[in-house]
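> here is the input, now give the coordinates:
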Amino acid sequence: MFINFYSVINILLIIINWILLLGYWWLIIEVTLKVLKKRRTVSASMAWLLIIYIVPLFGTIIYLLFGELNVEKKRIKKNKILWISALKKIKNLKNYKEIFTKNNSRVAHALFQLCKHRQGIDGVKGNKINILTHPDDMMRTVIKDINLARKNIEMVFYIWYPGGWANQVAEVLIKAAHRGIQCRLILDSAGSNNFFRSIHVKMMRGAGIKIVEALHVNILRMFFRRMDVRQHRKMILIDNRIGYTGSMNMIDPKYFKKNSGVGQWIDIMIRIEGPVVSTMRIIFSCDWEIETGEKIFFVPDRINTINKSKYNYKTHIIPSGPGYSEGFMQQILLTAIYSARKKIVITTPYLVPSDDLLRAICTAAQRGVLVCIIIPKLNDSILVRWASRAFFSELLHSGVIIYQFETGLLHTKSILVDNQLSLVGTANLDMRSLWLNFEVTLIVDNRSFGKKLKKIHMNYISFSTILNLNEWIKRPYWQRAIERFFYFFSPLL
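A predicted model of the protein is given here:
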C-alpha cells in the first residue's frame, strides 16, 4: 500500500515537472514570437532575444514588463482619438491667418515643412520668448504670473518635489484658488511620489485645486501597462496667454536629491507670450481629458500677437508620446541634424541615442559640421551613465567634441543648429524620450533667440572639460567591459 502511495506521488511529481517544463518553454517561445513579430531595429530585437535566452525566466518577466508599449488599450485608443480631435482644433487656428508664417530660414525650412505635414499648420509668429536660466529667477517669475492670473492656471510636471520654491508655488496657487482662479495640475505618479505623500496635496485640494495623479504606479497593473511610460512634460499655462516649458521640474535644486552626489540640477525654462500658447493649451486639454474625461478646451475669441517687428519668433510646439504622431520626435531630431551646415550644439543629461540618431550625428561631423555635445560628468542614473560611454568612441572618432559639465547635473535638453534653429523641451536623447514618454518640445526659428541659447551653451562649456580621444582610448579594460555590458541594454533604456 505504501509502495503504491509513493509511486503515485512520484508519478504526480513527474507530471507536475513536465507541466512546468512545457509551460516554461511555451512561455519562452511565446515571448520569442512577440519579439519577432514586433517591428523594431535589429539591435533592439537581438538585445531582447539575448536577454530572454541568457537569463530566461528573468528576461521573460522583464520583457513582459518593459518590452511592449503596453499603455492600457482603452487609454491609448482614447489618446489617439483625442489627439486626432486636437489636431482638428489646431488646424482651426488657421482662421487666424495673421499668426502664421510662410517663410522660414534655410536651416529651419525642412523642419517646419515636416511639422506642417504632421500637425497641419505652418509655424506661428508674433511670440515673445524669454529664456530663464537661474532657478530663483524662474520661480519668482512664475509666482508673479500666478499672482496676476485672472481666469485659469494649468500645470503638468513629471516631478513636483516639496521644499523651498516648490512650497512657495503651492502657497500662491492656494491663494489663487481662494480668489476664484480655476487651477488644474497633472503630476506623474512616479516622479511626484514624494509630493503625493506630503501634506501639500490635502491642503491644495482643500482649496479647490484639481490635482490628477497621472499613470498610477500600481503592482496590480504592471503586467497590463509598462510602468516606465511616464508623463514627462513640463508646462505651465496662465490665462491662455502665458506659457512655460523647458527642462525644469517643480523643484528647488537646493532641496532636490541632495545626497545623490551629482550636485544641483541645472535647467532652463522658456517663458512664452503669444499665439503658440493656444497650441500648448490644446496639448494640456488633451492630457486632462485623457486623465479625467473632462473637456476643458475652448476656441479663443481672440489670439493676440506680440509686436512682430521686435519679437519675430517663428515657433512650433510639438507633443509626443503613445497615441500621438508616431515617430515624430525622432523625425524632428533627424531633420534638424541633417539640416545643419556649420554647427550643432546638443545638451542632454542622458545620451543613449538610437542607431539612426547616432549615425546622423556622426555623419554631420564627418561632412564638416562642428558638432558639440555637452553632458554632465556625473549622472544620477548608473545605467545611463555607463551605457552612454559606449557611444563615446564612435562619436569622438567621427570628430564630435564631447564636453563633460562638472558643476552639477546638467539637465537642460536643447539643440542649436547653425545659431538659428533651436529645439528646447523635455525630451532627452534616449530611447525612452523618443518612443515611450509623454514629452513636449519647443522649436524656434530665430537668430536672436539662437544667440541667447548660444550664450547659455558657452557658459556650460566654461564649466566643462573636453573628453580627449587619446586619453579615452587608454581607459582600463574593466571600464570597457562594463560599458559594453550596459551598451547591451541601450536599446531598452
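
> contact partners for Asn424?
Rather than Asn, residue 424 is Val. Shown in contact with Val424 (C-beta atoms under 8 Å, 6 or more residues apart in numbering): 245-247, 268, 270, 412-414, 441-442, 444, 453. C-beta: built from backbone N, CA, C; applies to glycine.

> right, and Gly408 touches Gln264 too?
Yes: between Gly408 and Gln264 there is a contact under C-beta atoms under 8 Å: 4.6 Å.

> intersection of neighbour lists for the two?
Between them, Gly408 and Gln264 share the neighbouring residues Pro253, with contact defined by C-beta under 8 Å, 6+ apart.

> next one, pLDDT for the closest residue to Asp188 other than its chain neighbours please.
Nearest residue to Asp188 in three dimensions, chain neighbours excluded: Gln231, at 4.2 Å (C-beta to C-beta, 6 or more residues apart in numbering). At Gln231, the model reports a pLDDT of 92.

> equivalent analysis for Asp380, please.
According to the per-residue confidence, Asp380 scores 85 in pLDDT.

> what count of nearby residues applies to it?
Residues within reach of Asp380, counting by other C-beta atoms under 10 Å, total 16.

> so it: helix, strand or coil?
coil (DSSP: H, G, I helix; E, B strand; the rest coil).

> doesn't Phe256 make contact with it?
No: no contact is recorded between Asp380 and Phe256 when judged using C-beta under 8 Å, the distance being 10.3 Å.

> follow-up on the earlier one: bridged to the residue nearest to Asp188, which residues?
Phe438 (DSSP bridges).

> for it, grab the count of nearby residues.
Using other C-beta under 10 Å, Gln231 has 26 other residues around it.

> and the one 4 residues further on, by the same measure?
Residue crowding around Met235 was assessed by other C-beta under 10 Å; the count is 24.

> which residues are in contact with it?
If a contact means C-beta under 8 Å, 6+ apart, then Met235 has 154-156, 243-245, 280, 283-284, 440 as its contacts.

> change it to 10 Å
Counting by C-beta atoms under 10 Å, 6 or more residues apart in numbering, Met235 touches 154-157, 186, 243-246, 277, 280-281, 283-284, 287, 317, 319, 425-426, 440.

> state the pLDDT value of it.
On pLDDT, Met235 comes in at 98.

> kindly report the same for Asn147.
In this prediction, Asn147 carries a pLDDT score of 97.

> and the nearest residue to it once chain neighbours are set aside, what does it touch?
In space, not counting the residues next to it along the chain, Asn147 is nearest to Val172; the distance is 6.0 Å by C-beta to C-beta, 6+ apart. If a contact means C-beta under 10 Å, 6+ apart, then Val172 has 142-147, 149, 153 as its contacts.

> greatest separation within those: which pair is it?
Considering C-beta to C-beta, no two members of the contacts of Val172 lie farther apart than Lys144 and Ile153, which are separated by 12.7 Å.

> the two - which one has more neighbours?
For Lys144 against Ile153, the residue with the higher neighbour count under other C-beta under 10 Å is Ile153, and the figures read 24 against 10.

> my read: the more buried one touches Gly180, true?
No: the criterion here is C-beta atoms under 10 Å, and Ile153 misses it with Gly180 at 11.5 Å.

> give me the common contacts of those two.
Taking C-beta under 10 Å, 6+ apart as the contact criterion, Ile153 and Gly180 have no common neighbours.

> Cys183: how many residues sit nearby?
As a burial measure, Cys183 scores 20 neighbours (other C-beta under 10 Å).

> can you tell me the SS state at it?
When the structure is reduced to helix, strand and coil (three-state DSSP), Cys183 reads as strand.

> how close does the residue nearest to Asn147 sit to Phe485?
48 Å (C-beta to C-beta, to the nearest Å).

> for Ile344, what are its contacts?
336-337, 360-361, 364-365, 369-373, 400, 415-418, 421.

> what about it, is that helix, strand or coil?
Of the three states, Ile344 takes strand under three-state DSSP.

> spatially nearest residue to it, not counting backbone neighbours?
In this structure, Ile344 finds its nearest non-sequential neighbour in Val371, 4.8 Å apart by C-beta to C-beta, 6+ apart.

> secondary structure class for that neighbour?
In the three-state summary, Val371 is assigned as strand, counting by three-state DSSP.

> does Met204 touch His178 like I think?
No: using C-beta under 10 Å, Met204 is not in contact with His178, being 11.2 Å away.

> of the two, which one has the most company?
Between Met204 and His178, counted using other C-beta under 10 Å, Met204 has the larger neighbour count: 21 against 11.

> ok, and for the strand or helix carrying that one, which residues are buried?
When secondary structure is defined using DSSP states H and E, the element that contains Met204 is helix 200-206. Across helix 200-206, burial judged by 16 or more other C-beta atoms under 10 Å covers 200-201, 204.

> closest one of those to Lys34?
Taking C-beta to C-beta as the measure, Lys34 lies nearest Val201 of these, at 38.6 Å.

> touching, that closest one and Ile211? I think so.
Yes: with contacts counted by C-beta under 10 Å, Val201 reaches Ile211, the gap being 6.3 Å.

> which neighbours do those two share?
Taking C-beta under 10 Å, 6+ apart as the contact criterion, the common neighbours of Val201 and Ile211 are 160, 185, 187, 192, 195.

> okay, those in TSV with neighbour count, pLDDT and secondary structure next?
Listed next are the shared contacts of Val201 and Ile211 as TSV, based on neighbours: other C-beta atoms under 10 Å; pLDDT from 0 to 100; DSSP: H, G, I helix; E, B strand; the rest coil:
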residue	neighbour count	pLDDT	secondary structure
Trp160	25	97	strand
Leu185	26	98	strand
Leu187	24	97	strand
Ser192	26	95	coil
Phe195	24	95	helix
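
> can I get those residues in TSV including distance to Ala86?
As requested, the shared contacts of Val201 and Ile211 are exported to TSV (distance: C-beta to C-beta, whole Å):
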residue	distance to Ala86
Trp160	25
Leu185	20
Leu187	21
Ser192	24
Phe195	27
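
> quick one, domains of the protein?
When the chain is parsed with automatic domain parsing, its domains come out as 2-66, 73-104+125-313, 328-492.

> for this protein, what's the longest helix?
The helix of greatest length in the chain, counted in residues with DSSP state H as the criterion, is given as helix 2-37.

> same for the helix holding Met204, what does it pack against?
helix 165-178, strand 182-188, helix 193-196, strand 210-214 (3 or more C-beta pairs under 10 Å, 6 or more residues apart in numbering; DSSP states H and E).
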